[in-house]
Every structure is written in C-alpha cells, then in structure tokens.
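Chemist: need a structure here:
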Amino acid sequence: MSKTLNRPIRILVAKVGLDGHDRGAKVIATSLRDAGMEVIYTGLRQTPEMVVNTALQEDVDAIGVSILSGAHMTVFPKIVEFMKQKKLTNVLLTGGGIIPESDMEKLKEIGVGELFAPGTTMVTIVDYIRDWANENRNF
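Modeler: Next up, the predicted model:
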C-alpha cells in the first residue's frame, strides 16, 4: 500500500574513503534536489561510521553512496553494520559507481538497495528513491 509523505524525501549523498572524484555525486545531489528532495551532501573522505551518524542526525529516508574507488565490498558492508548498530532499519542504503554486477548482487543480499552504474538516467534513480520512500516511510 503506497503512502504519500507529508514532507520532502531527505537523502544523504556520501563519498566514503579516499575516493576524491565527487563530480558525479554533486550531479546526483543537484538532480535529487531538483526533483524536490532535501539533500545533505557529506563532502569527500567520510568514514562509514561518519555517514551513518550523519544520517541519524539528519533523520534521512535514504543514504546514497557514490563510489569509484573499488572499495564497495568494504564500504557498503561497514555502512550496513553501523546502520544495524544504530537501528536505522527503515533507511534505504543505495548508491552507484563502478561496481561489477556480481558484487551488486552480493551487496543486495546483505541489505543494500538498488545500485546504479554510470549512465543510469536520473529519472530511474529519482523514481526508485521516491517509490521506496513512499512504500517504506510513514511521515
């Protein structure tokens, strides 16, 4: 059963680790903002714990991690672990970047949402986040 949120969707866009390429994350953040979402951008060189703490403080509906460094099989599981510790069970963890399809499947198995490869349209990403929030958040 779909619900409508009584406020804009809040999403945290994060860059974790030593990955210094943030152009894509900034484009995503701007596009999500243009779609009516409230966006909090962490900036570069965040740790998984910092991302989860910020998500908790900002009361976000979703966390979007942009990763190009190849550390996705370390970063996403650590974020999932910290989310469980902080009881952020109703927050979507999604993201994108250079992630092989086989790794995307493994990450989904541990609770990560849809992961988007370069070239994915913004409409696809916005619709996914909006649909997830409408189905899973109740504010």
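Chemist: Ignoring the adjacent residues along the chain, who's closest to residue 75?
Modeler: Excluding its sequence neighbours, the residue lying closest to residue 75 (C-beta to C-beta, 6 or more residues apart in numbering) is residue 16, at 4.8 Å. Just so you know, the C-beta spots here come from the backbone N, C-alpha and C atoms, and that holds for glycine as well.
Chemist: and the one you found, what pLDDT?
Modeler: Residue 16 is assigned 90 on the pLDDT scale.
Chemist: Correct me if wrong: it contacts residue 67.
Modeler: Yes - taking C-beta atoms under 8 Å as the definition, residue 16 is a contact partner of residue 67 at 6.5 Å.
Chemist: can you list residues touching both of those two?
Modeler: residue 75 (C-beta atoms under 8 Å, 6 or more residues apart in numbering).
Chemist: residues touching residue 77, list them.
Modeler: Taking C-beta under 8 Å, 6+ apart, we find residue 77 in contact with 107, 110.
Chemist: now the one 10 residues further on
Modeler: Contacts of residue 87 were listed using C-beta under 8 Å, 6+ apart, and none were found.
Chemist: Point to the residue nearest the middle of this protein.
Modeler: residue 64 (1.6 Å; C-alpha atoms, centre = their mean).
Chemist: what stretches of this structure score poorly on pLDDT?
Modeler: 1-5, 139 (pLDDT under 70).
Chemist: ok, 90 please
Modeler: In the predicted model of the chain, residues 1-7, 17-26, 43-45, 68-70, 89, 137-139 satisfy pLDDT under 90.
Chemist: what are the ranges of the strands in it?
Modeler: With DSSP state E, the ranges of strands along the chain come out as 10-15, 38-41, 62-67, 92-97, 115-116.
Chemist: got those strands as JSON lines, with distance to residue 136 columns?
Modeler: Shown next, in JSON lines, are the strands of the chain (distance: least, C-beta to C-beta, whole Å):
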{"stretch": "strand 10-15", "distance to residue 136": "13"}
{"stretch": "strand 38-41", "distance to residue 136": "17"}
{"stretch": "strand 62-67", "distance to residue 136": "9"}
{"stretch": "strand 92-97", "distance to residue 136": "7"}
{"stretch": "strand 115-116", "distance to residue 136": "17"}
